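Student: sequence first, then the predicted structure, then my questions.
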Protein chains: 2
Amino acid sequence: MSLIVQKYGGSSVADAEKVKRVARRVGKSHDQGNQVVVVVSAMGDTTDDLIALAHKITPDPDEREMDVLLSTGEIVSTTLMAMALRSMGYSAVSLTGGQAGIWTDETHRKARIVSVEAQRITSELETGKIVIVAGFQGVTRNMDVTTLGRGGSDTTAVALAIGLKADKCEIYTDVEGVYTADPRIVPVARRLKDIGYEEMLELATWGAKVMHPRAVELGQVYSMPILVASSFNENPGTLIHKGASMEVRNKVRGIAHDTDVAKITLVGIPDRPGIAASLFEPLSKAAISVDTIVQNAGLNNITDLTFTVSKSDLTKAMKIIEPVAKSIGASKCVSDSNLGKVSVVGTGMQNAPGYAARMFKALYEAGINIQLITTSEIRITCIVAQEDVKNAVIALHQAFELERA
Amino acid sequence: MSLIVQKYGGSSVADAEKVKRVARRVGKSHDQGNQVVVVVSAMGDTTDDLIALAHKITPDPDEREMDVLLSTGEIVSTTLMAMALRSMGYSAVSLTGGQAGIWTDETHRKARIVSVEAQRITSELETGKIVIVAGFQGVTRNMDVTTLGRGGSDTTAVALAIGLKADKCEIYTDVEGVYTADPRIVPVARRLKDIGYEEMLELATWGAKVMHPRAVELGQVYSMPILVASSFNENPGTLIHKGASMEVRNKVRGIAHDTDVAKITLVGIPDRPGIAASLFEPLSKAAISVDTIVQNAGLNNITDLTFTVSKSDLTKAMKIIEPVAKSIGASKCVSDSNLGKVSVVGTGMQNAPGYAARMFKALYEAGINIQLITTSEIRITCIVAQEDVKNAVIALHQAFELERA
């Protein structure tokens, strides 16, 4: 008998019919002799509707109260799922995050899980029940409700799987798994049977948006295998786990892209210690997330520094950076908001020669100009014009022969 | 400094604007130097909407799951109220029934409160906060959510007032208080400044529907004064408390009525022990609530027995009663569903002569035939044809001069 944690997102439980369809899937897993814990998100647009309701009261709702409000969305889903399962003859029980033993810190709206104390779930499973847990929420030691922020329900599922020492965590969503590139751009993109945690992180962070990085990281730390698959069919999906056939496989696993990139460049700044801190501390305080940072080696102690932010943050970032640039003696501060990012991702690339060259050549042959280059151990990323992103993805997918298994 | 518990019903918090209006009222009470605990119901039709949603999943939803589902309605209201108060500069916090320390038994859908452990409320009040509590819900020792059934939020408010040793419990609703009769029938009906618990119970049970009897009973047991007033204006309302001017006042306090009455009469049954039990046990098992029961003294050990049920239960009740009637040798079993009930209510009536006679005379002069009569210590009730109910209320209001203070 296996213990499986399954997570179904909001689009999978958007109405009563969909809840019943998911319940049939869950029931099937149980029929196969598994113990099943199900994590559900709020139905369809519920969370957005609740946020809109709060904003009718005040433009700046209190975060503690917002958490309690939003937590009701997932609770509603759990009760409907439990009712559906019971109406099909299964024994089932719904639990809130608090009842399920998801303890968090007190950072409302983006709480971190401190511990999972799953005795209640375990005892319900032992009586043969299917246990339905509200995703995205937890409770503090003071019994106050918190929510986990973006990717919360994925994180709940992985955390419960770890806490329960489950055999597998299954994330059911509206895509069929992790692809070698976005299938809307590259029709021949291929679903990956499996992928390593770090590769998944690079793909997801850099635009694949299949599963929240935070949940993948958690899975990585505890080596919990995570299956990502469609909730709408029975296709096999992608298993995220410790890399298996790492040495023998094609080392480029996928092409990630992102079209939400704006760039700020400070030209002619003195190359001395403390400059970077004086720039990025005020951005961090303003909650502006900086992505790529590139600083060229300078001549005569003068250098250029470029970093990227999301387009929606550009105006705010420029307002903060311009006075700082002036004070540190930069000769110019320029921005460009029509950019995109394309990356090739794969474990082991750094130690195998030729990947970077192959990437740059493919882009060159496609007539695409590279504005910035950054690399990590498992990724090579180029910043290009936004209008070139699509062609870049197609060219790279072909150059690395990703349509072949 | 007084400690006040205020309850606002679903129609008082039906939308964002109404929530804000109630918040201003609550804030005003706080400004006057009071500690304020607010109990709120679910917004408008939320509860009905949630029930409809559950019925889309299954015609027979599990009661434990239903309780969790319904509890979200009140939780949403509490968060909005807390947000509204905070946006007006007050310090406020929302609490679920469980967080507020409303412990109940495990009877889902109609749980009874076992105890109120209000430490959390007390400590929040001590920091100067206005505390908003979700009505209608509690939690079992196993941390499972329960709901309190009909009149649940009123009961929450009175129970909290008792548990907190509050100075007053205020129930704000869509009526202006308790009237000498239904103002829609008797335009000159007068709002009562105050009323005793038992009188209120008779008026409410017999059709006044201002406040749930269960909450009044609770108030009576602990002598908690309860103010019933409108949430839409500042009029003074009606104070329910231990009878003050009992001896000197007009002993008839109000006229109650009910048009949902059906009657079943068993004719010619043997007058021997055990007959009543054999009739009413099966009705009780079928959850049919029997109201008035009248048995005439029989001749030759043969008697007639009549009882009333709500019209919606009549068909079911007849199906149960007909075979029983046959088995105990009744000669006939007849029913009538076009009936109503009219009552005069007032403490001390039984010990003051002439009230019954005055009632019967008033009905006679209005040309109304009395089908059944029953009395309690503080009430005289006549069952009449449904079409006569309205005229009976008007005639009795006039006969007892209730338009005069």
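Tutor: That came through fine.
Student: residue of the stretch 251-400 of chain A nearest chain B, please.
Tutor: Nearest residue of the stretch 251-400 of chain A to chain B: residue A:287, at 21.5 Å (Cβ to the nearest Cβ). In short, each C-beta sits where N, CA and C put it, glycine included.
Student: tell me the pLDDT at that residue?
Tutor: Note for residue A:287: predicted pLDDT of 82.
Student: torsion angles phi and psi at it?
Tutor: phi 60, psi 30 (degrees, to the nearest 10).
Student: OK, contacts around it?
Tutor: Contacts for residue A:287 were tallied using Cβ atoms under 8 Å, 6 or more residues apart in numbering or on different chains; there are none.
Student: ok, it to residue A:152 distance?
Tutor: Distance of residue A:287 to residue A:152, computed by Cβ to Cβ, to the nearest Å: 18 Å.
Student: same thing with residue A:178?
Tutor: Taking Cβ to Cβ as the criterion, residue A:178 is separated from residue A:152 by 20 Å.
Student: so between the two, which is more surrounded?
Tutor: residue A:152 (28 against 24; other Cβ atoms under 10 Å in any protein chain shown).
Student: right, and the more buried one touches residue A:136 too?
Tutor: Yes: with contact defined as Cβ atoms under 8 Å, residue A:152 reaches residue A:136; the gap is 3.4 Å.
Student: quick one, helices of chain A?
Tutor: Here chain A has its helices, by DSSP state H, at A:16-31, A:46-57, A:63-87, A:119-126, A:152-163, A:197-203, A:213-221, A:275-285, A:314-327, A:355-365, A:389-399.
Student: those into CSV, with extra columns for distance to residue B:225?
Tutor: Conversion of the helices of chain A to CSV gives the following (distance: least, Cβ to Cβ, whole Å):
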stretch, distance to residue B:225
helix A:16-31, 46
helix A:46-57, 32
helix A:63-87, 31
helix A:119-126, 41
helix A:152-163, 46
helix A:197-203, 63
helix A:213-221, 53
helix A:275-285, 53
helix A:314-327, 56
helix A:355-365, 80
helix A:389-399, 71
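Student: who wins for proximity to residue B:110 among these?
Tutor: Across those, residue B:110 has its closest neighbour in helix A:63-87 (17.7 Å, Cβ to Cβ).
Student: what angle sits between that closest one and helix A:46-57?
Tutor: Using axes from the mean of the first three to the mean of the last three Cα atoms, to 10 degrees, the interaxial angle of helix A:63-87 with respect to helix A:46-57 works out to 140 degrees.
Student: what angle do helix A:63-87 and helix A:152-163 make?
Tutor: Here helix A:63-87 points in a direction 70 degrees away from that of helix A:152-163 (the same axes, to 10 degrees).
Student: domain parsing for chain A?
Tutor: A:3-174, A:255-399 (automatic domain parsing).
Student: okay, now the unreliable bits of the stretch 151-300 of chain A?
Tutor: In the prediction, the stretch 151-300 of chain A carries residues with pLDDT under 70 at positions A:204-209, A:243-250, A:297-299.
Student: residue ranges of the strands in it, please?
Tutor: Assigned by DSSP state E, counting those that start in this stretch, the stretch 151-300 of chain A shows strands spanning A:168-173, A:194-195, A:226-230, A:238-240, A:254-270, A:293-295.
Student: got a list of contacts for the second one?
Tutor: With contacts defined as Cβ under 8 Å, 6+ apart, strand A:194-195 is touched by A:178, A:203, A:238, A:239, A:240, A:241, A:244, A:253, A:254.
Student: so who does the single nearest residue of the stretch 101-250 of chain A relative to chain B touch?
Tutor: Relative to chain B, the nearest point of the stretch 101-250 of chain A is residue A:143 (5.8 Å; Cβ to the nearest Cβ). For residue A:143, the contacting residues are A:98, B:98, B:99, B:120, by Cβ under 8 Å, 6+ apart.
Student: quick one: contacts of stretch A:161-169?
Tutor: So stretch A:161-169 is contacted by A:2-7, A:37, A:101, A:115-118, A:121-122, A:157-158, A:160, A:218-219, A:222, A:224-227 (Cβ under 8 Å, 6+ apart).
Student: may I see the PyMOL selection of the buried members of those residues?
Tutor: The PyMOL selection below is limited to those of the contacts of stretch A:161-169 classed as buried (16 or more other Cβ atoms under 10 Å in any protein chain shown):
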select buried, chain A and resi 3+4+5+6+7+37+101+116+118+121+122+157+158+160+218+219+224+225+226+227
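Student: next, count neighbours for residue A:341.
Tutor: Applying other Cβ under 10 Å, we find 25 residues neighbouring residue A:341.
Student: not counting sequence-adjacent ones, nearest residue to it?
Tutor: residue A:258 (4.4 Å; Cβ to Cβ, 6 or more residues apart in numbering or on different chains).
Student: you'd agree the one you found is up against residue A:310?
Tutor: No: counting by Cβ under 8 Å, residue A:258 does not reach residue A:310; the two are 9.0 Å apart.
Student: quick one, which of the two is more surrounded?
Tutor: The neighbour count for residue A:258 versus residue A:310, taken as other Cβ under 10 Å, is higher for residue A:258 (22 against 16).
Student: do you know how far that one is from residue A:200?
Tutor: 16 Å.
Student: same thing with residue A:97?
Tutor: Computed as Cβ to Cβ, the residue A:97 to residue A:200 distance reads 25 Å.
Student: apart from its neighbours in sequence, what residue is nearest residue A:175?
Tutor: The shortest distance from residue A:175 to any non-neighbouring residue, by Cβ to Cβ, 6+ apart, is to residue A:210 (5.7 Å).
Student: can you pull the contacts of the one you found?
Tutor: A:173, A:175, A:177, A:178, A:203, A:204, A:228.
Student: related to what we said a few turns ago, quick one: which of the contacts of residue A:143 is nearest residue A:57?
Tutor: Residue A:57 lies nearest to residue B:99 out of the contacts of residue A:143, by Cβ to Cβ, at 20.6 Å.
Student: that closest one against residue B:119, yeah?
Tutor: No: counting by Cβ under 8 Å, residue B:99 does not reach residue B:119; the two are 10.7 Å apart.
Student: looking at the two, which is more packed in?
Tutor: residue B:99 (25 against 8).
Student: could you report the pLDDT at that one?
Tutor: 97.
Student: need the contact list for it.
Tutor: Taking Cβ under 8 Å, 6+ apart, we find residue B:99 in contact with A:143, A:144, B:120.
Student: count of neighbours near the second one?
Tutor: Okay, so that is residue A:144. Other residues close to residue A:144 by other Cβ under 10 Å number 21.
Student: just the last one next, same as before
Tutor: One way to gauge burial is a neighbour count; for residue B:120, by other Cβ under 10 Å, it gives 19.
Student: ok, it - contacts?
Tutor: A:143, B:95, B:99, B:100, B:101.
Student: ok, now residue A:53?
Tutor: So residue A:53 contacts A:69, B:16, B:76, B:80 (Cβ under 8 Å, 6+ apart).
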